[in-house]
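Visitor: here is the input, now give the coordinates:
(chains A and B, ligands or ions: 4)
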Amino acid sequence: MIKAVESAEHSGGAGQQAVADHGGNGHAAAPRVVRVRILRQDAPGEESYWERFEIPYVENMNVISILQQVAARAKSRDGRRVAPVAWDCNCLEEVCGSCTMLINGRTRMACSALVDKLLEESGDEIELRPMSKFPVVRDLVVDRSRLFRALERVKAWVPVDGSYDHGPGPRISPESQEDAYPLATCISCGCCMEACPQFTKIEVVRREDESAEAFEARKKTAFDAGFVGAHAISQAMLFNGHPTGKMIADERLEALTSQGGIQMCGNAQNCVAVCPKSIPLTRSIARAGRAATVWAIRKIFDR
Amino acid sequence: MAQPRVLVIGGGLAGLSATMRLAELGANVDLVSLVPVKRSHSVCAQGGINSVNSLTRQQGDNEWKHFDDTVYGGDFLQHQPPVKEMADWGPRIVDLMDRLGVPFNRTPEGYRDQRRFGGTLFKRTAFAGATTGQQLLYSLDEQVRRWEVDGKVKKWEFWDFLEPVLDDSGRCRGAICQDLVTMQFRAFSADAVIIATGGCGLLYGRSTMSMVCTGSAVSRAYRAGAWYGNGEFIQVHPTAIPGADKLRLMSESARGEGGRVWVPKTPHDPRDPRNIPEAERSYFLEERYPKYGNLVPRDIATREIFDICTNEGLSVEKDRLCVYLDLTHVPRETLDRKLGGILEIYEKFQGVDPRVVPMKIFPAVHYSMGGLWVDYQKSSGGGLVEGSPRNQQTNIPGLYAIGECDYQYHGANRLGANSLLSCIFSGLFCAPGVIAGVDAGGKQAAEESSRLFESRLRREEERHHALLSRTAGDENPYDLHQQLGNLMTRVATVVRRNEQLAAAYAEVCSLEERWGRCAVSDSGNWTNQNVVFTKSLGDMFPLAKLILKGALQRDECRGAHYKPDFAMPGLQATDPAEKRREAEQWCDRFEANTRRWLKSTVAKCGPEGEPEISYEDVDTSLTPPRPRLYGLVGGEMIEEVWNERQKKAAVAGEGQAVGAGQAVGAGQGKQPAYAGSAS
Ligand SMILES: Cc1cc2nc3c(=O)[nH]c(=O)nc-3n(C[C@H](O)[C@H](O)[C@H](O)COP(=O)(O)OP(=O)(O)OC[C@H]3O[C@@H](n4cnc5c(N)ncnc54)[C@H](O)[C@@H]3O)c2cc1C
Ligand code: SF4
Ligand code: SF4
Ligand code: FES
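Guide: Ligands and ions are numbered 1, 2, ... in the order given. Below is the predicted model:
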């Protein structure tokens, strides 16, 4: 089935000028090495410190491939053997939400941060730091359990009876689907929280004599006192807009109007500017604000 | 009976659907995952999920046809009863996901929209934008979160499964896992353990899969005695975007909308592709397959692209194999309208606009059809007995496998959009059987079992500390991984040759030996990703060996397994009589090959970690195997001869069955009794 094609080897000619000119990229001289400086921290509660690395440049590389090289070499720029930098990633196509970090000072996904573009921003060195609103576990790894706890707070689910067959779901117009779909693509990355002035870091440290369960419970209480975050507000609106989801709309509004709820949002709109999925967060927040007001008034009259 | 406790390893579509159903049935579930379950690899699936639906049904579709497309697409290598059961459940599963809130695309009237995928004539595929897998996973994640709030489910995220714990009778009683943050070990005692850990693409270095798809969990179960089926069947997708870190999928629709595949005739021509004149380009698919052009079937496109780069040295780049996939001749409006989403992915990760500059693509490892061997109980209707503890159970009692990591549903080749279905199906369907199989009476005395866990825990701790203290070795695990990946990609993907496979086996053994001299560069005991990676690398070798050995021994072509030395070429003759004679011979050879090779490969881990391979007959009781002829020269003639043979066989069969000499209407006898019985 596979036929041999005449080998079309032209001697000499164009093949000889081996210039590093990759068609279409527009970058004339590609750098031979990439320099990075990474803010490291060995464990929670420890001092953080900068470490610098230098790795060979590869066309089209992103921040993940830098970190892979850093791990493989485990040598700092000045040639010292150092422990590899720890970081989170999984999908490498900006859909799992694992790899959020501060890259050149801006919260974003490491897998879709291309080195060529970063160097245009920052000259000759790229800076990587862990997110600042979540407790550091190690190096660039942070503990984002608060983000998932917020989804419990706002009951971000459709309250179905169960998984037995009851035929299809409700009919939904294409307009409603197009409205809901963008909200449903939230990857729980945390960028919106990192950028939000109202969202402040909550770090709970386990006490020596504390059981795992007691620690978990204390963590939850502490998280629940803080701001839920733009992502959770948006998820609440997603499910309040679903024909079955809205059957517990009141419970979600109750959560959004209690401590750490929507009233904390100062409408700074930083969140929407950094969301890697371009989710219309300010629209969700505005909707939630209106719904919360109506809900609060209704609650007074119902009493 | 007390509420059973089930340990689920892995929270992709399969693990989450099992967890949801188990909790609903009253079990308490511990859910262990390397990453937060919402970040599992299933989020990557873009295309959609297959099932018969009310629309296709009115166009002549039914569950039987979905079943038939699946086994035909899989080259008949899968047992048919589980596939039939899955196809029957398809409509209910998509309905369920719809109720859970998956934002499926809609028709103007508000029904679910469907598209057509490869390997079928019907629009069976429901989809949610360009992120169907993500949306399915999220809605299951939400239901599981609900159960978590209710206290029925406890998640252990950032935990690594290390080994199943078996008692003296060989029954699985739980597992040992490790916390990836604190590096602490823990023994999980359970009435049943379900492995739902997905594919093993990282064996090939880079693939379209996510970074946790190392196959480590499956390898650990295999070394503990679980069998592995059909390892050599690895699906390669023809068009992926080669990246330094990952090979990202480029949808087939790019070729569907007119994309042309070419290479410069000068090897590694350094010119801007736009400046290379037509005469100096080779549109090799169009040249070799004038009839199908760029739209040849997946496996052929894959093989040709691979061949032109590796064997003919015409890769666009020298250090990185790739060819051009060119859309620049298609009007921009058309591209934006029809391919907007996927072109944006290319632009985002390559930083180049594919509307202006030809894309660079290359085939990539995409899916593992093989996986842990699992059992099933066949029903009188040809499907499965619901609630049987045998369904999805490995050869180790109490240990189950579901999702991409089992070998059950896709045979030698998976059809697009069938995997999401098989993952959710196997998860939901196994749950009642898992509970029914709980061995309530035979539980060992508490003391005895705590001793058992104690000793396993200690063994894992010792292994871990031995690795941690190995800071003096001269091998680098990341380099070894790259070498393993390059080797596997070269010999065990698209084109396979026995000499290469045999040599590669020896090479893997030597890589494994070198792994024993790996130094870990981080000897700390807090979030030590270095040691976790080194461990999972060590677990890749047993799987690599069983893939290579299975491929070496299988001297035929079937689905994704292609050996040119054993290919059955098309017909040469032009003279009709001669052509017919060749077709007869072809069919004889096909039948002989079916008798010899229509068997699942089953690998058992030998005492030295070497795979011991045996073969298992495939249950083809529902529909007999037939040749796949798409694109073969003389295919029409072969088909004619084949059909005549089938007719003759059917007549002979009916004569016997009817016995009394009654005439049976043509066609009636061919219709299986349960066809279209939508339940
Ligand atoms: C790019 C791409 C596109 C695809 N598109 C489609 C499509 O359109 N339609 C379709 O039907 N199929 C598609 N597929 C295939 C499909 O996505 C997968 O087969 C499916 O999602 C696998 O699901 P799973 O539940 O078996 O495993 P996964 O989703 O891979 O989940 C595995 C789980 O196991 C955990 N795990 C792994 N190892 C361990 C360990 N050692 N310890 C603890 N936990 C562990 C992980 O953390 C994860 O939670 C696609 C695949 C790819 C790569
Ligand atoms: S709009 Fe609200 S949620 Fe968004 S950044 Fe501002 S304060 Fe935070
Ligand atoms: S809303 Fe956007 S920024 Fe916030 S978590 Fe979701 S995807 Fe990330
Ligand atoms: S690795 Fe998944 S979003 Fe970056």
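
Visitor: count the neighbours of the closest residue to B:Ala14 other than its chain neighbours for me.
Guide: Closest residue to B:Ala14 in three dimensions, ignoring its sequence neighbours and counting by C-beta to C-beta, 6 or more residues apart in numbering or on different chains: B:Gly403, at 2.6 Å. Where you see a C-beta, it was placed from the backbone N, CA and C, and this is true even at glycine. Around B:Gly403 there are 32 other residues, counting by other C-beta atoms under 10 Å in any protein chain shown.

Visitor: do a quick rundown of the helices in the stretch 501-650 of chain B.
Guide: Shown for the stretch 501-650 of chain B, the helices assigned by DSSP state H, counting those that start in this stretch span residues B:529-553, B:576-597, B:635-658.

Visitor: just checking, what packs against the last one?
Guide: Right, the one you point to is helix B:635-658. helix B:576-597 (3 or more C-beta pairs under 8 Å, 6 or more residues apart in numbering or on different chains; DSSP states H and E).

Visitor: need the residues that contact the helix it packs on.
Guide: With C-beta atoms under 8 Å, 6 or more residues apart in numbering or on different chains as the test, helix B:576-597 has contacts from B:76, B:554-556, B:558, B:568, B:571-573, B:625, B:627, B:634, B:637-638, B:640-642, B:645.

Visitor: below-threshold pLDDT in chain B: ranges please.
Guide: For chain B, applying pLDDT under 70 flags the ranges B:1, B:118, B:440-447, B:630-631, B:654-679.

Visitor: any idea how it splits into domains?
Guide: Here the domain parsing of chain B from automatic domain parsing is B:5-237+B:367-451, B:238-363.

Visitor: check whether the first one comes near ligand 4.
Guide: No: judged by C-beta under 6 Å from any ligand atom, domain B:5-237+B:367-451 makes no contact with ligand 4; its nearest approach is 6.8 Å.

Visitor: and that domain, how far out from the chain middle?
Guide: 11 Å (C-alpha atoms, centre = their mean, to the nearest Å).

Visitor: for the shortest one, same thing?
Guide: For domain B:238-363, the distance between its averaged C-alpha position and the chain's averaged C-alpha position is 25 Å (C-alpha atoms, centre = their mean).

Visitor: so which bits of the stretch 201-303 of chain A are right by chain B?
Guide: Within reach of chain B by C-beta under 8 Å from any C-beta of the partner chain, the stretch 201-303 of chain A has these residues: A:239, A:242, A:244-245.

Visitor: out of those, who's near ligand 3?
Guide: Subset of these in contact with ligand 3: empty, counting by C-beta under 6 Å from any ligand atom.

Visitor: which of those residues has the most neighbours?
Guide: Using other C-beta under 10 Å as the neighbour criterion, A:Phe239 leads these with 25 neighbours.

Visitor: tell me what the host helix or strand of that residue is packed against?
Guide: Assigned by DSSP states H and E, A:Phe239 belongs to helix A:230-240. When contacts are defined as 3+ C-beta pairs under 8 Å, 6+ apart, helix A:230-240 packs onto helix A:145-153, helix A:174-184, helix A:191-195, helix A:249-257, helix A:281-302.

Visitor: that helix to helix A:174-184, inter-axis angle?
Guide: Orientation check (axes from the mean of the first three to the mean of the last three C-alpha atoms, to 10 degrees): helix A:230-240 against helix A:174-184 gives 150 degrees.

Visitor: tell me which residue is most central in chain A.
Guide: Here the mean C-alpha position of chain A is nearest to the C-alpha of A:Cys189 (C-alpha atoms, centre = their mean), at a distance of 2.0 Å.

Visitor: is it true that it touches A:Thr100?
Guide: Yes: using C-beta atoms under 8 Å, A:Cys189 is in contact with A:Thr100, at 4.6 Å.

Visitor: overlap in contacts, those two.
Guide: With C-beta under 8 Å, 6+ apart as the test, A:Cys189 and A:Thr100 both reach A:Met109.

Visitor: excluding chain neighbours, what is closest to residue 179?
Guide: In the absence of a named chain, this looks at chain A. Closest to A:Asp179 by C-beta to C-beta, 6+ apart is A:Gly241, at 6.9 Å.

Visitor: my question was about chain B, not that one.
Guide: Closest to B:Asp179 by C-beta to C-beta, 6+ apart is B:Trp159, at 5.7 Å.

Visitor: what do you get for B:Gly341?
Guide: In this structure, B:Gly341 finds its nearest non-sequential neighbour in B:Ala130, 4.2 Å apart by C-beta to C-beta, 6+ apart.

Visitor: which secondary structure state does the one you found sit in?
Guide: Three-state assignment for B:Ala130 (DSSP: H, G, I helix; E, B strand; the rest coil): coil.

Visitor: neighbours around it, how many?
Guide: Per other C-beta under 10 Å, the neighbour tally for B:Ala130 reads 17.

Visitor: likewise for B:Pro624?
Guide: Neighbours around B:Pro624, by other C-beta under 10 Å: 11.

Visitor: so what's it closest to, chain neighbours aside?
Guide: Leaving aside its chain neighbours, B:Pro624 sits nearest to B:Gln646 (7.8 Å; criterion: C-beta to C-beta, 6+ apart).

Visitor: what of B:Asp30?
Guide: Leaving aside its chain neighbours, B:Asp30 sits nearest to B:Leu7 (4.9 Å; criterion: C-beta to C-beta, 6+ apart).

Visitor: could I get the contacting residues of that neighbour?
Guide: Contacts of B:Leu7 (C-beta under 8 Å, 6+ apart): B:29-30, B:32, B:174-175, B:188, B:190, B:192-194.

Visitor: what does stretch B:301-321 rub up against?
Guide: With C-beta under 8 Å, 6+ apart as the test, stretch B:301-321 has contacts from A:1-2, A:4-5, A:7-8, B:236-239, B:242, B:255, B:261, B:263-265, B:267-269, B:273, B:282, B:284-285, B:288, B:294, B:296, B:322-324, B:360-363, B:490, B:493-495, B:562.

Visitor: closest approach to chain A from the stretch 201-350 of chain B, which residue is it?
Guide: Nearest to chain A in the stretch 201-350 of chain B, going by C-beta to the nearest C-beta, is B:Asp272, at a distance of 3.3 Å.

Visitor: okay, the residue of the stretch 501-650 of chain B found nearest ligand 4 and ligand 2: tell me how far apart.
Guide: Of all residues in the stretch 501-650 of chain B, B:Gln529 sits closest to ligand 4, at 14.2 Å by C-beta to the nearest ligand atom. To ligand 2, B:Gln529 is 32 Å away according to C-beta to the nearest ligand atom, to the nearest Å.

Visitor: now do the residue nearest to the centre of chain A, the pLDDT please.
Guide: Note on A:Cys189: pLDDT of 98.

Visitor: swap in A:Lys3?
Guide: If you check A:Lys3, the pLDDT there is 37.

Visitor: hmm, back to that, which residues does the helix holding A:Phe239 contact?
Guide: Contacting residues not belonging to helix A:230-240 are listed as A:147, A:150-151, A:153-158, A:180, A:183-184, A:186, A:188, A:190, A:192-193, A:196, A:245-246, A:249, A:252-253, A:255-256, A:262, A:265, A:271-272, A:279, A:281, A:284-285, A:287-288, A:291, B:101 [C-beta under 8 Å, 6+ apart].

Visitor: the inter-axis angle of that helix versus helix A:249-257?
Guide: With the same axes, to 10 degrees applied, the angle from helix A:230-240 to helix A:249-257 works out at 160 degrees.
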